[in-house]
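A.B. asks: Pasting the sequence and the predicted model now:
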Amino acid sequence: ISRAAQMQQKKSGGASPGPRSGYSMFTDGKQHVFIRGGTRERGRSTETLQDLWKLDVSTYVWERVSESGTTPGERSGMGSCVVDDTAFFFGGVSDVEGHNGRIEPRFHQDLFSFSMTSNQWVLHPMPSDLTKCPSTRRNAQCCSTGDQLFMFGGLREEGQKEREVTLDDLWAFKCTNLANEVPPAWGCVMPLSGSGVVWHDTSDSEGGEDAEDSMQED
């Protein structure tokens, strides 16, 4: 039997994270795969999650992880990657109660790290000048090379409600010797080009679908 067939036959035992999307998934590169947050459909509403799970790839058994420190809370769409035994997370979106009790998205501009050896979260301070770091966003993609983390693109809200713009900026910072009380030294490798796609939520209008417009700034 092939290795692929053996893997397909594996089934996780016990409790599990359950159906979800928009979660962060990362690994310690050894024996464990982690899943955190995301969203889950609950009838006609969506629940934003804040649980952290760990899969032992030698037994395919899931375990709910007990976290400590300052966690991101309920969050989906966080950009994430791993450097050594630490996972880094940026941004994402959560739900907040707005006017008239309506649930509205809140986009974040923050950086967290999670130690996979101690299960400890750290919220890192941002620069006093927030233009010197990535803006609020969700669904950014991250990777690392050596001790440097790179983050590209994503979506952010701009101007009127329910208007999101795709991003194409590239940022980087070094993860080593990152003191808790010192903001990371972000560097903008490639700024926004000024073009993108604007998404409008038209779910309350006829047709009930998202509308797409192109955007070009002078």
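C.D. replies: Yes, it's here. Numbers count the residues shown, from 1 in each chain.

A.B. asks: Any regions of the protein where pLDDT drops low?
C.D. replies: 1-13, 160-162, 177, 180, 195-197, 199-218 (pLDDT under 70).

A.B. asks: Quickly note the distance from the nearest residue to residue 137 once chain neighbours are set aside to residue 19.
C.D. replies: Spatial nearest neighbour of residue 137, excluding adjacent residues (Cβ to Cβ, 6 or more residues apart in numbering): residue 154 at 3.7 Å. C-beta here means a position set from N, CA and C on the backbone, and glycine is covered the same way. To residue 19, residue 154 is 24 Å away according to Cβ to Cβ, to the nearest Å.

A.B. asks: These two: which has the busier surroundings?
C.D. replies: Residue environment comparison for residue 154 versus residue 19 gives the larger neighbour count to residue 154, 26 against 9, counting by other Cβ atoms under 10 Å.

A.B. asks: for the more buried one, what are its contacts?
C.D. replies: With contacts defined as Cβ atoms under 8 Å, 6 or more residues apart in numbering, the neighbours of residue 154 are 77, 79, 91, 137, 138, 139, 140, 141, 166, 167.

A.B. asks: The last one contacts residue 136, correct?
C.D. replies: Okay, so that is residue 167. No. Distance between residue 167 and residue 136: 10.2 Å, which falls outside the contact criterion (Cβ atoms under 8 Å).

A.B. asks: So for those two, which residues contact both of them?
C.D. replies: By Cβ under 8 Å, 6+ apart, residue 167 and residue 136 have these common neighbours: residue 156.

A.B. asks: ranges for the helices of the protein?
C.D. replies: Remark: helices of the chain, listed N- to C-terminal, are 3-9; assignment by DSSP state H.

A.B. asks: Pick out the residue closest to the middle of the protein.
C.D. replies: Here the mean C-alpha position of the chain is nearest to the C-alpha of residue 78 (Cα atoms, centre = their mean), at a distance of 0.8 Å.

A.B. asks: What sits closest to that residue if chain neighbours are left out?
C.D. replies: The spatially closest residue to residue 78, leaving aside those adjacent along the chain, is residue 92, at 3.6 Å (Cβ to Cβ, 6+ apart).

A.B. asks: Please report the number of neighbouring residues for residue 105.
C.D. replies: The tally of other residues near residue 105 (other Cβ under 10 Å) stands at 18.
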